[in-house]
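> Turn this into a structure:
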Amino acid sequence: MPKQSTRKRAQRKSNSSLWIIGGVIAAAVVVLGLVLINVTAPRTPRVPAQTSAGRILGDANAPVTIDMYSDFQCPVCRRADLAIQELVPKYVDTGKAKVVYHNFAFIGRESTQAAMAAECANDQGKFWDYATHLFDNQAGENAGAFSDPNLKRFAQELNLDTAAFNACFDSAKHSALIQQELDAGRALGIKATPSFFVNGQFVEGLLPTQQFAAMIESYIPKQ
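Residues are numbered from 1 along each chain as shown. Next up, the predicted model:
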């Protein structure tokens with residue numbers, strides 16, 4: 001009998017230990033789950049400041065807004081511009097989405113100069129034409145592709161009023177605006193280009209075109 005009692009006590013002690021271990025494991029799983037939820041939870045959408053109408057591509061009342069933060073010297077931004085052009089026929093031309101361009105000129109002086117030149121083109125209603133021309137003429141960062149003479153030549157190639165463009169550019173008319181946009185982008189947490197807000201939801205980097213399209217589709221009101 002004493003041996004049996006000893007065995008029972010040992011069994012009870014073993015069961016108690018298993019319950020303790022099980023409780024610790026369960027608690028750890030719960031804590032890990034909470035951590036993962038916190039890590040994978042989507043960022044709270046933040047709404048960018050509005051910009052000039054000339055940099056809005058598409059219907060201003062479109063239900064989906066794609067805010068694009070870009071630097072004209074950024075090679076991935078050129079790919080982003082091409083991706084946007086692919087999406088334009090299906091989403092922008094049909095009034096489902098609009099693209100709003102925001103300057104985030106952070107790579108160097110040529111970025112700032114190119115952004116100012118694009119704003120001077122915007123004064124003549126040619127922002128998007130000039131922006132695409134800039135992307136098409138990239139040739140390395142701060143290597144002279146966007147020198148002041150080249151930026152003026154681009155305006156001539158696009159048949160802009162070169163006298164008005166040059167006067168705008170030489171006066172650095174839009175320099176304060178370019179700096180304000182850079183500061184505003186940083187305040188939103190942007191650290192790299194291209195970056196996007198799709199109806200306020202932040203996306204850093206360039207998504208594959210199909211994935212970008214799926215994201216746009218998710219915000220189009222279902223009829």
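> average pLDDT across stretch 169-188?
Taken as a whole, stretch 169-188 has a mean pLDDT of 93.
> So what touches that stretch?
Applying Cβ atoms under 8 Å, 6 or more residues apart in numbering, the contact partners of stretch 169-188 are 46, 48-49, 51, 69, 102-106, 112, 115-117, 119-120, 148, 151-152, 168, 195, 197, 202. For the C-beta atoms, the positions are set from N, CA and C on the backbone; glycine is no exception.
> Low-confidence stretches in this protein?
Applying pLDDT under 70 to the chain picks out residues 1-53.
> mind listing the strands in it by residue range?
Taking DSSP state E as the test, the strands found in the chain are 56-57, 64-70, 97-103, 195-198, 201-204.
> In JSON lines, list these along with distance to residue 184 and mean neighbour count.
Converted to JSON lines, those look like this (distance: least, Cβ to Cβ, whole Å; neighbours: other Cβ atoms under 10 Å):
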{"stretch": "strand 56-57", "distance to residue 184": "16", "mean neighbour count": "20"}
{"stretch": "strand 64-70", "distance to residue 184": "9", "mean neighbour count": "23"}
{"stretch": "strand 97-103", "distance to residue 184": "8", "mean neighbour count": "24"}
{"stretch": "strand 195-198", "distance to residue 184": "12", "mean neighbour count": "23"}
{"stretch": "strand 201-204", "distance to residue 184": "14", "mean neighbour count": "16"}
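> would you turn those strands into TSV with distance to residue 174?
Output for the strands of the chain, formatted as TSV (distance: least, Cβ to Cβ, whole Å):
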stretch	distance to residue 174
strand 56-57	17
strand 64-70	16
strand 97-103	9
strand 195-198	21
strand 201-204	26
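> How many neighbouring residues does residue 133 have?
Residue 133: 19 surrounding residues under other Cβ atoms under 10 Å.
> Tell me the spacing between it and residue 141.
Separation of residue 133 from residue 141 (Cβ to Cβ, to the nearest Å) stands at 18 Å.
> what's the closest non-adjacent residue to residue 123?
Sequence neighbours aside, residue 168 is the residue nearest to residue 123 in space, at 6.0 Å (criterion: Cβ to Cβ, 6 or more residues apart in numbering).
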